[in-house]
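Undergrad: Next one to model:
(chains A and B)
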Amino acid sequence: MSAWQDLVTASLIGTERAEVPAATVPGLPDRTEAVSDDPAALLLDRAALLTVARRGGTLIRPAGSGFQAEPLPAAEPDQAPPVSPAAGRRLGRMLGGEHPDLLAEWLTAAVARDRRVPAHLLPALLDRARRVSPSDPELRRLSAEAGGSRARWLARLNPDWRFVTALAEAGEDAWRLGGKGQRRAYLAALRTRDPAAARELITQSWEAAGPERVMFLSALAGAELSLADEPLLEAALDERDAEVRGWAAHLLARLPGSALGQRMARRAAGCLLIERSMRGTPMIVIPPDGCDAAMRRDGVTSRHGGGPAEMDGRTHLLHEILARTPLRTWTDQFGRTAEQILAVSSGAWAPVLFTGWSRAAMAQRDQEWMTALIDWALAGGPTGTLFGAETLRQLARRADPARCARETTASRAAEIPPPVRDAISVLRFRYDMLKELEL
Amino acid sequence: MSVPEAKVSSVAERWDRERVLALAPDAPSQLTAQSLASGRAWTATGATAEADAVWGECRGSASAPYRAAVDLTGPAFRCSCPSRKFPCKHVLALLLLWSDGSVPDDAAGPPDWAGSWLMARAATAGRAPSGEQAEPKDPRAAARRAEQRETRVSSGLAELDRWLCDQARQGLAASQQAGYAHWDDIAARMVDAQASGVAERLRALASVPHSGPGWDGRLLEEYALLHLLAVAYRRQGELPPPLRETVRSRIGFSLRQADVLAGTLANGQPVRDHWQVLARRDLDQDRVRARRTWLRGRKTGRDALLLSFAAAGQALDDSLTVGTDADADLVFYPGAVALRAAVLTRHGDGDVPPDGGPPEGSTITALLAGYAAALAADPWLDTWPAVVEIIPARAPAPAVCDADGGVGGHTGDGGHTGDGGSLPLHPGAGDCWPLFALSGGRPVTLAGEWTPRGLWPLTAWDETGRAVPL
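TA: Take a look at the predicted model:
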């Protein structure tokens, strides 16, 4: 040890000014005769000898020595089995950048089947979950849940992943003392466990909440809603804060049987008619005249509130109403299925109907309509506009891929436009992904 | 007469003296070969008409006689002497003897050392299309090029050694202020000298002075090993042939894979086994990507390293998947530690179970003992295959502990028992979080590369016995 240090010191100074120290290796005959008269070459000779002797003589660092590394405590075994090898490989690819936007769906499906993320992928998953905004803890919650006990074990080793244990331990303290993210996580978890208790908690806290009311409502976005939620949401439509009103209208439009849905249905009923004529059965479209206060209360935005630039004011209003109208309105009114309604020729109105109905189908999670709309788009339908392409992109991520299996397997890859091709590839990816998670 | 007619005709088309001498790489070789072609130096010479082969043993300066053999069908030459002239003076002298009719026919056939080589050649010749002859088209031109290269390398390494001694004379302390050019310049001169292996090692040194505490020791180690390499090349005639091959390959004399597979080198027979693909590591070098694939034979227990290269942007060889087995014949490159190999033949994939389960990991002590033994044969060896049973540890730095050692076992005689000890993970391997996650604090089988700076983890096997690349 010290012989080597002496050589290193001498080499730093240089043999012009330093003596070349001796180098002996225990067990080797002492070869002191110099092979070269050059002290520099002698130093290198001896350094080579000691380098190889030291490398060959590397000893395991014995227990109890200063270098001793303590083995880690073992993680508790996880009762839930890991996902299938194929599902694990796909998760690895997704963490590597393939369709990362579908991670939440992968995790949700794994949690629903009580399967675990393969352990070696947890570091990459937790890193990704950490990078997403703390105000939207959905990916964090899902990662923690799908990661099981191994994720909690890792979180104790790396402070970056502390959110895993923080989420698992989010008790009432998190609600009383925690930051906005923790309070939201607590509320979302309570909502899943006990919807009535969560509602009660929101009602009690509403007056004092101030700007946190937005957070209350956004925490409900991931949950199943029921009519019991309606009074709270209906009251929120009269709040001064536009963001609170917007969330309330958004949630009510999703809620089956809500009063808001019925009001929308009345506004929409006169807008669309199917007429028999000599030239087939066209869809007659009559957009609404204008936007009144009641419509604005229900979340309909007039022209300035965003929306596709390619629509004029009245078209935009029609689109807003369609997006919030219960889809049963149409099947009831026309006495036709979704597929039959979409088969009715609507000419230049087709893109507006497509995006409006698509938004409604996604909000109301209506698989029948989503499937029919995708069929329509895949059959070369109304996706020629930018907005239509974006809508199709979203549909492909929300529709049940098993219902679209026919389209996803039988497609002629050559002549189809890029948005449709992308939709097909996403549907196919999700179909395989969910099937692997069943294995 | 002493040479019966029948004997002459038994070897078809015996070459005349001119044709033999025309094989010589240069004029001095012709002269020394002619002086060596006297019966006194030669023993155990023989020829077979069937194989069209000649062989013989020649006493030289070394204690063991040099063994020369010629496959006349190629022609192909082989000799155990250290000369890099091709063919060497022994082969030329043997052929001159044979041309004179001084080599007797040997009905018993060649001795084992020549016979195995001749048979391997015959087998390859039967397989390889004639267009892919292992021998260069113009042996004289090739030999001339080879000799020019020897001269360049020789003067290049002499220059390198002077440079290294200058560093040691002036002191390494200044290296921390030196820029990349300090090493790039000498590396570029080694490229000119056609010593690419040395150039690569030198270029890698530029980062050492900024590699944290202990940089001075690491730089001295590398300088010392380069010095050792230059000295070893200078005195290669004194080295045993396998070590000579190691020295030459580390300098940058690369063997053609075709030659290795043809078995024309002193590298033994192909080894057939169910090779378990343990681990894989890809390295981005200057303009080339390199892939190291580590194999272990299930029956022989032998370790093998396959190297493949691809230009940037091109795909690397992907035929062997980590976690599977391959039933294959491997041919090992000659060297003091026969580790590098090439696939000669792969046998029916269908018969091999795709995954024969995890390998058996050794203790850390056994790993270090194996490395020490290999290092004794090849002092430049700094990447050694490791398959160990370990529990990972994080404090004070990422490390691995012996799996069955437990904690606090007392070390008895001077700390050499090893159980319960640990080895550091390579600092360049980063946090190694996937390894920790996979283990969960429990023992795992880990395959990787052991280096003087620590263990580089590459593959671990999960609780179901599946290989997980890390």
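
Undergrad: Quick check, the residue in chain A closest to chain B?
TA: residue A:14 (2.9 Å; C-beta to the nearest C-beta). Bear in mind the C-beta positions are built from the backbone N, C-alpha and C, glycine included.

Undergrad: Now do the same contact list for the closest residue to that residue other than its chain neighbours.
TA: Residue nearest to residue A:14 in three dimensions, not counting chain neighbours: residue B:171, with 2.9 Å by C-beta to C-beta, 6 or more residues apart in numbering or on different chains. Residue B:171 makes contacts with A:11-14, A:16-18, as judged by C-beta atoms under 8 Å, 6 or more residues apart in numbering or on different chains.

Undergrad: if we can go back for a sec, wait, doesn't the residue of chain A closest to chain B sit right on residue B:168?
TA: Yes. With contact defined as C-beta atoms under 8 Å, residue A:14 counts as touching residue B:168 (6.8 Å).

Undergrad: These two: who's more crowded?
TA: residue B:168 (27 against 20; other C-beta atoms under 10 Å in any protein chain shown).

Undergrad: how close does that one get to residue A:40?
TA: Taking C-beta to C-beta, to the nearest Å as the measure, residue B:168 falls 4 Å from residue A:40.

Undergrad: who in the stretch 201-350 of chain B is up against chain A?
TA: Residues of the stretch 201-350 of chain B lying close to chain A (C-beta under 8 Å from any C-beta of the partner chain) are B:216-217, B:220-221, B:223-225, B:227-228, B:231.

Undergrad: would you list these in TSV and tack on secondary structure?
TA: Shown next, in TSV, are these (DSSP: H, G, I helix; E, B strand; the rest coil):
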residue	secondary structure
B:216	helix
B:217	helix
B:220	helix
B:221	helix
B:223	helix
B:224	helix
B:225	helix
B:227	helix
B:228	helix
B:231	helix
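
Undergrad: Give the closest residue to residue A:236 in space, chain neighbours not counted.
TA: Excluding its sequence neighbours, the residue lying closest to residue A:236 (C-beta to C-beta, 6+ apart) is residue A:248, at 3.7 Å.

Undergrad: For the helix or strand that contains the one you found, the averaged confidence score.
TA: Using DSSP states H and E, residue A:248 falls within helix A:242-254. Mean pLDDT, computed over helix A:242-254, is 89.

Undergrad: Heading C-terminal from that helix, find the next helix or strand.
TA: Downstream of helix A:242-254 (by DSSP H and E), the next one is helix A:259-269.

Undergrad: Where do the strands of the stretch 151-300 of chain B begin and end?
TA: In the stretch 151-300 of chain B, the strands defined using DSSP state E, counting those that start in this stretch lie at B:271-284, B:288-297.

Undergrad: a markdown table please, covering those and showing distance to residue A:259, mean neighbour count and mean pLDDT.
TA: Listed next are these as a markdown table, based on distance: least, C-beta to C-beta, whole Å; neighbours: other C-beta atoms under 10 Å in any protein chain shown; pLDDT from 0 to 100:
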| stretch | distance to residue A:259 | mean neighbour count | mean pLDDT |
| --- | --- | --- | --- |
| strand B:271-284 | 62 | 19 | 91 |
| strand B:288-297 | 65 | 20 | 91 |
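
Undergrad: would JSON lines of these with distance to residue A:337 be doable?
TA: Output for these, formatted as JSON lines (distance: least, C-beta to C-beta, whole Å):
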{"stretch": "strand B:271-284", "distance to residue A:337": "54"}
{"stretch": "strand B:288-297", "distance to residue A:337": "57"}
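
Undergrad: Model confidence for residue A:209, exactly?
TA: Note for residue A:209: predicted pLDDT of 81.

Undergrad: Give the closest residue to it in space, chain neighbours not counted.
TA: According to C-beta to C-beta, 6+ apart, the nearest residue to residue A:209 is residue A:216 (6.4 Å).

Undergrad: any idea how far the residue in chain B that chain A sits nearest to lies from residue B:97?
TA: Per C-beta to the nearest C-beta, residue B:171 is where chain B lies closest to chain A, at 2.9 Å. Distance, residue B:171 to residue B:97, using C-beta to C-beta: 57 Å.

Undergrad: repeat for residue A:8
TA: Following C-beta to C-beta, the distance that separates residue A:8 from residue B:97 is 56 Å.

Undergrad: quick one: which of the two has more around it?
TA: More neighbours sit around residue B:97 than around the other of residue A:8 and residue B:97, counting by other C-beta under 10 Å; the figures are 23 against 20.
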